[in-house]
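*Asks:* attaching a predicted model along with its sequence, questions to come.
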Amino acid sequence: MKLKVKTLNAKKNQRPKILLVEDDLNLSVVIQDYLELLDYDTTVCNDGEAGMTEFTKKKYDLVILDVMMPKKDGFSVAEDIRKYDDVTPIIFVTAKSMKEDRIKGFLAGCDDYLTKPFNTEELSMRIKAILKRCLIAQNGKTESNQKMFEIGRYVFDFENMLLKLDGTEYTLTRKEGALLKLLCIYKNKLLTREQALKSVWGDDDYFIGRSMDVFITKLRKYLKDDPGISITNVHGTGFKLEIREVNDQNAGNE
């Protein structure tokens, strides 16, 4: 399925639209009232299935998900959203605070993870930070405006999130693509973990770092068909996309 690309509702006098999926009726009312006071157009659903159905009906700028919900849990909803749309940011707001849950949340496609009980002001600040990053990315203010990259025998089309090799195409997720683009920009140079985490995830939190390691592993699998390409760990400080010339690969055979 081809992912839909959505843009932030940034027109004048148009309020950002937030979808809140939370089965605790009292808490959902409190959060909705608070977000409405902050001038967010907020829609509430009280179970996972209803939340996913609602998401497919309208264009939302951000989704807030509880994890433990009837009919469909938040992790499953996030995974389904990411199959349908790889752009709209997701925040988990949940009582599940174990590090394994946080990692699972980021792997499911979330952009932030807030554990209950939480301060509504903190939620507000996280929403503002995420929407700001989305708007900056939408306006093209990234490390590089380059859209096409040659990676050994591969061609990486960042705009369409396609990695191509000899007629084979891989469709990357938004975070996979953003991470690969950074590696390309820093080709044969050190990309620090802090740089990557703050650029792609907006935070250098330990749990997000664990998630990033999984994304690095996925990128290695995508690039495995060219032996001249490697993504190496550099003394625990970061990663380096190394591309060796064909002549270098054959030198040992002469």
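*Replies:* Perfect, I can see it now.

*Asks:* ok, the residue nearest the centre of the chain - contacts?
*Replies:* With the centre of the chain defined as its mean C-alpha position, the nearest residue by C-alpha atoms, centre = their mean is residue 175, 4.4 Å away. Residue 175 makes contact with 200, 201, 215, according to C-beta atoms under 8 Å, 6 or more residues apart in numbering. Any C-beta I mention is one placed from the backbone N, CA and C, and that applies to glycine too.

*Asks:* sec struct for the closest residue in space to the second one that isn't next to it in sequence, please.
*Replies:* The shortest distance from residue 201 to any residue that is not its chain neighbour, by C-beta to C-beta, 6 or more residues apart in numbering, is 4.8 Å, and that residue is residue 208. Remark: residue 208 carries the secondary structure label helix [criterion: DSSP: H, G, I helix; E, B strand; the rest coil].

*Asks:* how many residues are close by residue 208?
*Replies:* Each residue near residue 208 was counted by other C-beta atoms under 10 Å, and the total is 23.

*Asks:* again, but for residue 61
*Replies:* For residue 61, the neighbour count with other C-beta under 10 Å is 25.

*Asks:* before we move on, back to that, after the helix or strand where the residue nearest to the centre of the chain lies, which helix or strand is next? Please name it.
*Replies:* With secondary structure defined by DSSP states H and E, residue 175 is part of helix 174-185. The C-terminal neighbour of helix 174-185 among helices and strands, as given by DSSP H and E, is strand 191-192.

*Asks:* go ahead and name everything in contact with that next one.
*Replies:* In this structure, residues lying in contact with strand 191-192 by C-beta under 8 Å, 6+ apart are 182, 183, 237, 238, 239, 240, 241.

*Asks:* the second one and residue 239 touch, don't they?
*Replies:* Looking back up the chat, that one is residue 183. Yes - under the criterion of C-beta atoms under 8 Å, residue 183 is in contact with residue 239, at a separation of 6.7 Å.

*Asks:* the strands in the stretch 151-254 of the chain, which residues?
*Replies:* Secondary structure of the stretch 151-254 of the chain (DSSP state E, counting those that start in this stretch): strands located at 154-157, 162-165, 168-171, 191-192, 229-234, 238-243.

*Asks:* show me how the chain divides into domains.
*Replies:* According to the domain assignment given by automatic domain parsing, the chain is divided into the following structural domains: 17-138, 148-251.

*Asks:* same list (these) but as JSON lines, adding mean pLDDT.
*Replies:* Conversion of those to JSON lines gives the following (pLDDT from 0 to 100):
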{"stretch": "domain 17-138", "mean pLDDT": "87"}
{"stretch": "domain 148-251", "mean pLDDT": "85"}
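
*Asks:* hey, which of the ones you listed is tucked in deepest?
*Replies:* The densest packing among the domains of the chain, expressed as mean neighbour count by mean count of other C-beta atoms under 10 Å, is seen in domain 17-138 with a mean of 18.
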